[in-house]
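In: 3D model of this:
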Amino acid sequence: MSETSSPNDLTSRLRSRLEADRRRIEDAAARELARLGENLSAVASGALRSIEADTEKATGRMRELLIKAWLRPLVVGMSLFLGICGGSWATMHWLSRSIHDRIETLGEFDVRTEWARTMLAEIEETTWGVELLEMSGDRYVSLPAGTPVRPAFTVKGRPYLKLSRE
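Out: I've put the predicted structure just below:
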């Protein structure tokens, strides 16, 4: 073999050198891309964890605000409800007691009225229907029905005698 090179040898050596350079560049680029991918994945994971933590904190604050926002109206509503129920119960209890007391008082009045009617009937029976009357400082007494004396003074058809003053 001769030591001279032909143009084909040169081309083939250039091609193989170019091929080797291309493989080296591709390998270096692949390694760089893999390293960049890992770095990008780590950055994305960190950003995702940060976003998740911030979202959880914001959700916790929002939950607290919602609980506080619902707690006040709930407490006020329950207080009003209990106040109205308690007031209504107390009012109904007071009204019931008042009605009961008035019914008892009415019963006592009925008993007293009946007793007074009985006493009046007894008095009329024992006094034969005699009544006393005072007019203009003068005193009169009525006569029982069937009395033969007919005085000149009558009230509602009943005869009355004037009593003397001493």
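
In: Show me what the helix or strand bottoming out on mean pLDDT in the chain pairs with in its sheet, parallel or antiparallel.
Out: Using mean pLDDT, DSSP states H and E, strand 154-155 stands out as the lowest-scoring helix or strand of the chain, at a mean of 76. Take DSSP bridges as the rule and strand 154-155 pairs in its sheet with strand 158-162 (antiparallel).

In: before we move on, the earlier item: got a list of contacts for the least confident helix or strand of the chain?
Out: 133, 140, 142, 160 (C-beta atoms under 8 Å, 6 or more residues apart in numbering). For the C-beta atoms, the positions are set from N, CA and C on the backbone; glycine is no exception.

In: Grab the nearest non-local neighbour of the last one.
Out: Closest residue to Y160 in three dimensions, ignoring its sequence neighbours and counting by C-beta to C-beta, 6 or more residues apart in numbering: Y140, at 4.1 Å.

In: Surely the one you found is in a helix?
Out: No. Secondary structure of Y140 (DSSP: H, G, I helix; E, B strand; the rest coil): strand, not part of a helix.

In: where does S164 land in three-state SS?
Out: Secondary structure of S164, per three-state DSSP, is coil.

In: Please name the bridge partners of the residue nearest to Y160.
Out: Y140 forms beta bridges with L133, K162, as assigned by DSSP bridges.

In: any idea of the pLDDT on the most centrally placed residue in the chain?
Out: With distances taken as C-alpha atoms, centre = their mean, the residue of the chain nearest its centroid is F81 (2.4 Å). The score at F81 is 95. That number is its pLDDT.

In: Okay, it and L74: tell me how far apart.
Out: For F81, the distance to L74 (C-beta to C-beta, to the nearest Å) stands at 10 Å.

In: What of I51?
Out: 33 Å.

In: swap in T4?
Out: From T4 across to L74, the span is 102 Å (C-beta to C-beta).

In: So between these two, which is more surrounded?
Out: Remark: of T4 and L74, L74 carries more neighbours, 11 against 6, as counted by other C-beta atoms under 10 Å.

In: burial count for Y160?
Out: Using other C-beta under 10 Å, Y160 has 20 neighbouring residues.

In: For the chain, just list every one of the helices.
Out: Applying DSSP state H to the chain gives helices spanning 7-126.

In: Just the pLDDT for the residue nearest to Y160.
Out: 82.

In: go on, S5?
Out: Predicted confidence (pLDDT) for S5: 68.
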